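Chemist: Sequence below, structure please.
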Amino acid sequence: MIIFPAIDICQGKCVRLTQGDFNTTKQVAENPLETALTFEQSGAKWLHMVDLDGAKDAAQPNKKIFLELVKKTQMSIQLGGGIRNLNIAEDYLEAGVKRIIIGSAALKNPQLVKDLVKEYGERIAVGIDAKNQMVQTEGWLESSDVHYLDLAREMADAGVRYIIYTDISKDGTLKGPNLNELEAIHNAVSANIIASGGISNIYDIQELKKLGLYGAICGKSIYEKTLDLSEAIKIGNEG
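Modeler: Reported below is the predicted structural model:
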């Protein structure tokens, strides 16, 4: 199981939110590149990044930071936040971002996902963020009447090979991931599932690994030092 340390960028700074609420924004590190390099030194092969400004405004205000990390680290970058049209998607992919995450557009513009998968295959992931099992969009500011498993099946049928699932109520809480919903989505589709939200400690990593998931995204737990990244990577690599 791949461990993805996370860096969320808001107004050029490394931050964390709680349950997607921008009013809870807290800076957790000084420098994105230095932070990324410490993750790399801990053995991380992948880095999960989110443009929080982009998620709200469907723009690329922090693009320079992401491309700097592409050039100056050896890790593969997985990036989401505000990628809602073909031009932005292609811009990042052609600049060396290894995998992009389509979030809101997966629900509102499924044809975009189909077009991208046709062109870029496994470099396209879909992020499904849910509250009470219903999909949320626009940086978690809008609710929908679509069940997360229905969207997962639609995306898998469209050829998506990677789905990142977040239970928003767990995100940033350090209270453990939603194992029941993660197991349900893992069983519902053939796509590789990446867990996000609530991961707190090594026990959580072990439980996610037992489910047979492809990956786990760890953010606040690393910054708050409730999870040792090196140990998590070691457990993820076992077996």
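
Chemist: so Tyr166 touches Val126, yeah?
Modeler: Not Tyr; residue 166 is Thr. No: Thr166 lies out of contact with Val126 (CB atoms under 8 Å); the separation is 11.6 Å. Heads up, the C-betas are built off the backbone N, CA and C, glycines and all.

Chemist: pretty sure Ser42 is in contact with Leu227, am I right?
Modeler: No: between Ser42 and Leu227 there is no contact under CB under 8 Å: 10.9 Å.

Chemist: Sheet partners, orientation included, of the helix or strand bottoming out on mean pLDDT in the chain?
Modeler: Scoring the helices and strands of the chain by mean pLDDT, DSSP states H and E places strand 21-29 at the bottom, with a mean of 80. Strand pairing for strand 21-29, using DSSP bridges, gives strand 13-18 (antiparallel).

Chemist: The closest residue in space to Pro5 that isn't next to it in sequence: neighbouring residues, count only.
Modeler: Excluding the flanking residues, the one nearest Pro5 by CB to CB, 6 or more residues apart in numbering is Phe39, at 4.2 Å. For Phe39, the neighbour count with other CB atoms under 10 Å is 25.

Chemist: Please say which of Ser42 and Leu227 ends up with more neighbours.
Modeler: Neighbour comparison, Ser42 and Leu227: the larger count goes to Leu227, with 23 against 16 (by other CB under 10 Å).

Chemist: my read: Ala156 touches Asn192, true?
Modeler: No: counting by CB under 8 Å, Ala156 does not reach Asn192; the two are 10.0 Å apart.

Chemist: Could you point out the helix or strand that follows the least confident helix or strand of the chain?
Modeler: Remark: after strand 21-29, the chain's next helix or strand is helix 32-41, criterion DSSP states H and E.

Chemist: Given the helix or strand following that following helix, what are its sheet partners and their directions?
Modeler: Per DSSP H and E, helix 32-41 leads on to strand 46-51 as the next helix or strand towards the C-terminus. Applying DSSP bridges to the sheet, strand 46-51 is found paired with strand 2-10 (parallel), strand 76-80 (parallel).

Chemist: Kindly reformat the ones you listed as TSV and extend each row with distance to Ser104.
Modeler: Compiled in TSV, these are given as follows (distance: least, CB to CB, whole Å):
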stretch	distance to Ser104
strand 2-10	16
strand 76-80	10
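
Chemist: which residues sit against stretch 164-174?
Modeler: Applying CB atoms under 8 Å, 6 or more residues apart in numbering, the contact partners of stretch 164-174 are 16-20, 24, 80, 101, 125-132, 136, 140, 148, 152, 176-178, 181-182, 185, 193-200, 217, 219-221, 224, 226.

Chemist: Only the buried residues of that stretch, if you could.
Modeler: Residues Ile164, Tyr165, Thr166, Asp167, Ile168, Lys170, Asp171, Gly172, Leu174 are the ones in stretch 164-174 that count as buried (16 or more other CB atoms under 10 Å).

Chemist: Make a markdown table out of those residues and add distance to Asn109.
Modeler: Below are those laid out as a markdown table (distance: CB to CB, whole Å):
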| residue | distance to Asn109 |
| --- | --- |
| Ile164 | 18 |
| Tyr165 | 20 |
| Thr166 | 20 |
| Asp167 | 24 |
| Ile168 | 21 |
| Lys170 | 27 |
| Asp171 | 24 |
| Gly172 | 28 |
| Leu174 | 34 |
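
Chemist: Okay, and which of those residues map to helices?
Modeler: Among those, none falls in helices (DSSP state H).
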